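Q: Provided below for reference: sequence and predicted model.
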Amino acid sequence: MRRPKHVTGFRTLKSIFTELLDVGYSHFRKNIMVLLGMVQHVLDEQKLIELGQQCAESQNIIADGHGCLGAA
């Protein structure tokens, strides 16, 4: 039994979209890790904590001393 073209097309589109999301996530994660390493060499621990808190607040993320708890 043949599948309708729209079902096959949807699955193909979903597969491509999922792959694009994976590539984008991987790319930005690598960038963040490189930039974090560079920043850690330049800034002291207190400044890093302040910047982390500002970043969390700007993204509506609840951050405590143990990590991020997710979006507020």
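A: That came in fine, so what should we check first?
Q: mind listing the strands for this protein?
A: 61-64, 67-71 (DSSP state E).
Q: Now the weakest link among these, please, by mean pLDDT.
A: Of all the strands of the chain, the minimum mean pLDDT falls on strand 67-71 (a mean of 52).
Q: Next, count neighbours for Q46.
A: The tally of other residues near Q46 (other C-beta atoms under 10 Å) stands at 8. Quick note: C-beta positions are derived from backbone N, CA and C, even for glycine.
Q: Look up how far H27 lies from Q59.
A: Separation of Q59 from H27 (C-beta to C-beta, to the nearest Å): 19 Å.
Q: Figure out how far the longest helix along the chain is from the centre of its chain.
A: In the chain, taking DSSP state H as the definition, the longest helix is helix 5-42. Relative to the centre of its chain, helix 5-42 is centred 8 Å away, using C-alpha atoms, centre = their mean, to the nearest Å.
Q: Surely L51 touches L43?
A: Yes - if you go by C-beta atoms under 8 Å, L51 and L43 touch, sitting 7.4 Å apart.
Q: could you point out where the chain is predicted with low confidence?
A: Residue ranges of the chain with pLDDT under 70: 1-7, 63-72.
Q: what do you get if the cut-off is 80, keeping everything else the same?
A: Across the chain, residues meeting the criterion (pLDDT under 80) sit at 1-8, 62-72.
Q: Can you name every helix or strand that the longest helix of the chain contacts?
A: If contacts are counted by 3 or more C-beta pairs under 8 Å, 6 or more residues apart in numbering; DSSP states H and E, helix 5-42 sits against helix 45-58.
Q: And the helix it packs on, what's buried?
A: The neighbour-count check on helix 45-58 (16 or more other C-beta atoms under 10 Å) flags A56 as buried.
Q: which helices and strands does that helix pack with?
A: Using 3+ C-beta pairs under 8 Å, 6+ apart: helix 45-58 touches helix 5-42, strand 61-64.
Q: Please repeat the previous calculation with a cut-off of 10 Å.
A: In terms of contacts (3 or more C-beta pairs under 10 Å, 6 or more residues apart in numbering; DSSP states H and E), helix 45-58 is packed against helix 5-42, strand 61-64, strand 67-71.
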